[in-house]
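In: Make a model of this:
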Amino acid sequence: MALILCIETTTTNCSVALAKDGDILGLKEDMGLNYSHAERLHAYIEEVLLQAGVKQNELDAIAVSKGPGSYTGLRIGVSSAKGLCFALNIPLISTNTLEALALQSKGEAIQNIIPVLDARRMEVYSAIYSSDLKELREIQAQIVDENSFASALAQGKTIFIGNGAEKLKPVITHENAFFQTEALPSAREMVVLAETKYKIGDTEDVAYFEPFYLKDFLVNKPKK
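Out: As a prediction, the model looks like this:
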């Protein structure tokens, strides 16, 4: 009877879900355009626990979306998750952000699902999954042009899902390309992934776990 708190902060959606044995007991999220995780995350955690009548010391594990995504968002989510794990002495579970996003795809006769997150300019973080969510290509950071994802598109109907899909629409005009531009990673889809990992004991080392940034975080150095 596992109680798992799921935390998703990789994009502007600050999202928290509480689940028991894979069933969602509570969900709180902000599908806004701005980052507000530092102000809202802990309040959302408290609200979700209160609504479900669950105390922190009753939790069995904390799950966090590991990335890729916003550097600041990832740091806030992972730091909060690790802090709770240390305080409660419970395991930390990490889930693949793009895999969870792919779970939101909708449509019939889908051949490929490509979750895409904005990585600034004409670059996106992406992976390719089959319709039954088997990974066909690992996560990459890539610059998008008219030839991007050509092999996947040639196979049939392909769903591009996530906040990176908007920048793909004017570039990828293949007849098999369909776009879900409003979708953002959510703790809702983390639940099934976290429950699966919990059951097999697939947890992280709380002390050494780091988010999956994919690209190095660059700090502008002052000119000499």
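In: what's the span of stretch 18-35 from first residue to last?
Out: One end of stretch 18-35 to the other measures 22 Å (CA to CA, to the nearest Å).
In: which residues touch that stretch?
Out: By CB atoms under 8 Å, 6 or more residues apart in numbering, the residues outside stretch 18-35 that reach it are 1-6, 8, 12-17, 36, 40, 44, 47-49, 51-52, 54, 70, 72-73, 184, 186-188, 191-192, 194-195. (Glycine included, C-beta is placed from N, CA and C.)
In: now stretch 148-166
Out: Contacts with stretch 148-166, where a contact means CB under 8 Å, 6+ apart, come from 11-12, 98, 101-102, 104-107, 109-119, 124-126, 128, 136, 142, 168, 171-172, 174, 176-181, 183-185.
In: what comes up buried for it?
Out: Using 16 or more other CB atoms under 10 Å as the test for burial, stretch 148-166 gives 148-149, 152-153, 157-165.
In: swap in stretch 95-113?
Out: Buried, per 16+ other CB under 10 Å, within stretch 95-113: 95-105, 110, 112-113.
In: same thing with stretch 65-74?
Out: Buried residues in stretch 65-74 (16+ other CB under 10 Å): 65-71, 73-74.
In: Tabulate those (CSV), appending pLDDT.
Out: CSV is the format used below for the buried residues of stretch 65-74 (pLDDT from 0 to 100):
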residue, pLDDT
65, 98
66, 97
67, 95
68, 95
69, 94
70, 92
71, 91
73, 93
74, 95
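In: List just the nearest of the residues you listed to residue 208.
Out: Lowest distance from residue 208 to the buried residues of stretch 65-74 (CB to CB) belongs to residue 66, with 13.2 Å.
In: which residues does the closest residue to the closest one other than its chain neighbours bridge with?
Out: Spatial nearest neighbour of residue 66, excluding adjacent residues (CB to CB, 6 or more residues apart in numbering): residue 94 at 3.9 Å. Note on residue 94: beta-bridge partners by DSSP bridges are residue 64.
In: Can you give me every residue that contacts residue 94?
Out: So residue 94 contacts 63-66, 204, 209 (CB under 8 Å, 6+ apart).
In: So which of those residues is the closest to residue 79?
Out: Of all the contacts of residue 94, residue 64 has the smallest distance to residue 79: 9.5 Å, by CB to CB.
In: neighbouring strands for the helix or strand containing residue 16, and are they parallel or not?
Out: Taking DSSP states H and E as the definition, one finds residue 16 inside strand 14-20. Sheet pairing here is set by DSSP bridges, and for strand 14-20 it gives strand 3-8 (antiparallel), strand 23-30 (antiparallel).
In: isn't there a strand covering residue 39?
Out: No - counting by DSSP: H, G, I helix; E, B strand; the rest coil, residue 39 is not found in a strand; it is helix.
In: Tell me how far it lies from residue 190.
Out: Distance of residue 39 to residue 190, given as CB to CB, to the nearest Å: 21 Å.
In: Residue 172 now?
Out: With distances taken as CB to CB, residue 172 is found 28 Å from residue 190.
In: Poorly predicted segments of the protein, please.
Out: Along the chain, segments meeting pLDDT under 70 span 33, 215-224.
In: could you show me where the strands are in it, in order?
Out: With strands called from DSSP state E, the chain shows them at 3-8, 14-20, 23-30, 61-65, 92-95, 112-118, 123-130, 135-143, 158-161, 177-180.
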